[in-house]
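**Student:** The sequence isn't on hand, but the structure is:
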């Protein structure tokens, strides 16, 4: 056995969340190795759509131009039908009545509809271009950790096993995560709901998409199924696992879902998978962090709570690892990963069973859950942790950005502003470093690991709209973390801006060398 690699971060799993981790880490300058036992993306993609927030994160690292631009809201329309060509019973609303957000400009982005096996190559190429070391057909066999780091033994498909030394390990190795099992981390939640089969096929069905509906809930006596398009010529049919799944049976079920059997059908691939709702008891242990399905499995739903939640895990963890590895922050900052992300997984777990997609599995407690609108769930989740000041337990778990009005612990709101003669979003001012958005020049004296951007000097927008969006009075300021979340704000002018900002940074950033 020999050691050939020493890198700050090792990522186990090179699917969607592992690749997102590699992109976000490498973009921040963190040397990263990814090991993935397969040769590439699965031929049976799981995720189909990616939320506005996910697109914002991909936009920040320069991937937005490669994503398809949806029409309208970007949210797919769904109908309950007898079959694709049979009777259409009703169009199903995206969100339950009363959970619709007002028509406001919440983001510079819209959600994107593309298959996971189309996004993964983009992430893989981006990660490699940023310097990530991607090792496909390489499986993590064992690992051990101590106060100094993590040592993993990996096995390439062609070659001898070797060890990788890393400061930290990100487990993005799926819902059956061997790393989570090795750590002895349990899970709780609704548990396994069903085992289903799915088939991806090609057929000339484009004419049935002219109405704008792209998802079809098949409802026939004695048979329920789900049919949707990947918008690239492929279609996906999901059905009960109890039915036979040989080639003739698959073709018969496809024909039944379409409502005719005279079309040429090419079966691309099939799959069998568990639909479950399980959350890990904790998302980190020592120097190992769980992300994506290793941390939480959430049933597929119209909020996109599975893959998108995992991508947000990766983003939350990346800036914290970068801060600690650079020596800017102490390892205490890493404790906030579990503190912030696990409640979000539980929030989405609760929303899934309160909504219509999984009402068949709902219990009495689910019917008492307040349904939050989709903008709140995508763009208004609240973090409570040591990396946030003034996010009390009395606040709701999520609300729309216009309702939060700059509340610490929430994503900084989007406003169009002018900077250096260009029209940009406030979101474009963040992501790289700690940023203080300030009204007035009293904050200019603030120094250290923060970039001070003054309204009317460094960026220009309607002052009243800016103060309203960030919940500030004239002379106030808002401190934004490198992930675009508000860490602290001074609603009114500070008596001693340098001292107050220094104290806020020392607490929220877990600074290695705090200044007061």
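**Tutor:** Yep, it's here. Owing to the predicted nature of the structure, the values given are computational and were not obtained by experimental measurement.
**Student:** Isn't residue 134 up against residue 14?
**Tutor:** Yes: Residue 134 lies in contact with residue 14 (C-beta atoms under 8 Å); the separation is 6.5 Å. All C-beta spots, glycine's among them, are computed from the backbone N, C-alpha and C.
**Student:** how does the chain divide up, domain by domain?
**Tutor:** Annotated domains of the chain cover 3-70+109-188+277-356, 412-508 [automatic domain parsing].
**Student:** So which of those domains is the most surrounded?
**Tutor:** Highest mean neighbour count of the domains of the chain: domain 3-70+109-188+277-356, a mean of 21 (counted as mean count of other C-beta atoms under 10 Å).
**Student:** which stretches of the stretch 401-516 of the chain form strands?
**Tutor:** 416-419, 422-425, 435-438, 451-454, 477-480, 486-490 (DSSP state E, counting those that start in this stretch).
**Student:** do the stretch 151-300 of the chain as well
**Tutor:** Applying DSSP E, counting those that start in this stretch to the stretch 151-300 of the chain gives strands spanning 162-171, 187-202, 213-220, 223-229, 234-240, 266-280, 284-285, 288-290, 296-297.
**Student:** and residue 192, how many neighbours does it have?
**Tutor:** 12 (other C-beta atoms under 10 Å).
**Student:** Now for it: which residues touch it?
**Tutor:** 274-276 (C-beta atoms under 8 Å, 6 or more residues apart in numbering).
**Student:** quick one on the thing from earlier: I'd like the domains of the chain laid out as CSV, including mean pLDDT and distance to residue 269.
**Tutor:** Formatted as CSV, the domains of the chain follow (pLDDT from 0 to 100; distance: least, C-beta to C-beta, whole Å):
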stretch, mean pLDDT, distance to residue 269
domain 3-70+109-188+277-356, 93, 5
domain 412-508, 94, 36
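**Student:** Looking at those domains, which is nearest to residue 247?
**Tutor:** Residue 247 sits nearest to domain 3-70+109-188+277-356 of all those, at 16.1 Å, using C-beta to C-beta.
**Student:** Please tell me I have it right and residue 179 contacts residue 170.
**Tutor:** No: with contact defined as C-beta under 8 Å, residue 179 does not reach residue 170; the gap is 9.3 Å.
**Student:** what do the two both touch?
**Tutor:** By C-beta under 8 Å, 6+ apart, residue 179 and residue 170 have these common neighbours: 12, 288.
**Student:** And the pLDDT at the residue of the chain most remote from its centre?
**Tutor:** Most distant residue from the mean C-alpha position of the chain: residue 262, 40.9 Å away (C-alpha atoms, centre = their mean). For residue 262, the pLDDT comes out at 88.
**Student:** hang on, the earlier thing: find residues that contact each of residue 134 and residue 14.
**Tutor:** 22, 34, 36, 124.
**Student:** Assign a three-state SS to the last one, would you?
**Tutor:** Under the three-state scheme (DSSP: H, G, I helix; E, B strand; the rest coil), the conformation of residue 124 reads as helix.
**Student:** Spell out which residues sit in contact with it, please.
**Tutor:** Shown in contact with residue 124 (C-beta under 8 Å, 6+ apart): 14, 19, 134.
**Student:** which one of those residues sits closest to residue 330?
**Tutor:** Nearest to residue 330 among the contacts of residue 124: residue 19, at 28.6 Å, using C-beta to C-beta.
**Student:** list the contacts for that closest one?
**Tutor:** Contact partners of residue 19, counting by C-beta under 8 Å, 6+ apart, are 34, 120, 123-124, 127.
**Student:** can you give me the helices for the protein?
**Tutor:** All helices of the chain, identified by DSSP state H, fall at 16-27, 52-60, 116-129, 178-183, 247-258, 307-325, 335-354, 364-367, 374-379, 401-404, 463-470, 497-508.
**Student:** Test my guess that residue 120 contacts residue 43.
**Tutor:** No: the pair residue 120 and residue 43 fails to qualify as a contact (C-beta under 8 Å) at a distance of 11.7 Å.
**Student:** quick revisit: so which of the contacts of residue 124 comes closest to residue 340?
**Tutor:** Relative to residue 340, the closest of the contacts of residue 124 is residue 19; by C-beta to C-beta it sits at 21.8 Å.
**Student:** Quickly note the distance from the residue nearest to the closest one when sequence neighbours are not counted to residue 36.
**Tutor:** Once flanking residues are discounted, residue 19 sits nearest to residue 123: 3.8 Å by C-beta to C-beta, 6 or more residues apart in numbering. Between residue 123 and residue 36 the distance, using C-beta to C-beta, to the nearest Å, works out to 12 Å.
**Student:** ok so, going back, possible to save the shared contacts of residue 134 and residue 14 as TSV with distance to residue 75?
**Tutor:** Output for the shared contacts of residue 134 and residue 14, formatted as TSV (distance: C-beta to C-beta, whole Å):
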residue	distance to residue 75
22	29
34	32
36	31
124	27
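**Student:** gap between the closest residue to residue 190 other than its chain neighbours and residue 451?
**Tutor:** Distance criterion C-beta to C-beta, 6+ apart; nearest residue to residue 190, sequence neighbours excluded, is residue 277 at 3.9 Å. Separation of residue 277 from residue 451 (C-beta to C-beta): 41 Å.
**Student:** buried residues in stretch 201-215?
**Tutor:** 201, 203, 205, 208, 213-215 (16 or more other C-beta atoms under 10 Å).
**Student:** Pick the one among those closest to residue 357.
**Tutor:** Within these, the smallest distance to residue 357 is 10.8 Å, found for residue 215 (C-beta to C-beta).
**Student:** from memory that closest one sits against residue 78, does it?
**Tutor:** Yes: between residue 215 and residue 78 a contact is recorded at 3.9 Å, counting by C-beta under 8 Å.
**Student:** Isn't residue 39 up against residue 138?
**Tutor:** No: assessed by C-beta under 8 Å, residue 39 is found out of contact with residue 138, at 10.3 Å.
**Student:** export the contacts of residue 124 to JSON lines and tack on distance to residue 47?
**Tutor:** Formatted as JSON lines, these follow (distance: C-beta to C-beta, whole Å):
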{"residue": "14", "distance to residue 47": "15"}
{"residue": "19", "distance to residue 47": "12"}
{"residue": "134", "distance to residue 47": "20"}
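**Student:** returning to what we had before: want to throw the helices of the chain into CSV with distance to residue 484?
**Tutor:** Formatted as CSV, the helices of the chain follow (distance: least, C-beta to C-beta, whole Å):
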stretch, distance to residue 484
helix 16-27, 12
helix 52-60, 8
helix 116-129, 19
helix 178-183, 28
helix 247-258, 41
helix 307-325, 9
helix 335-354, 13
helix 364-367, 31
helix 374-379, 10
helix 401-404, 12
helix 463-470, 13
helix 497-508, 14
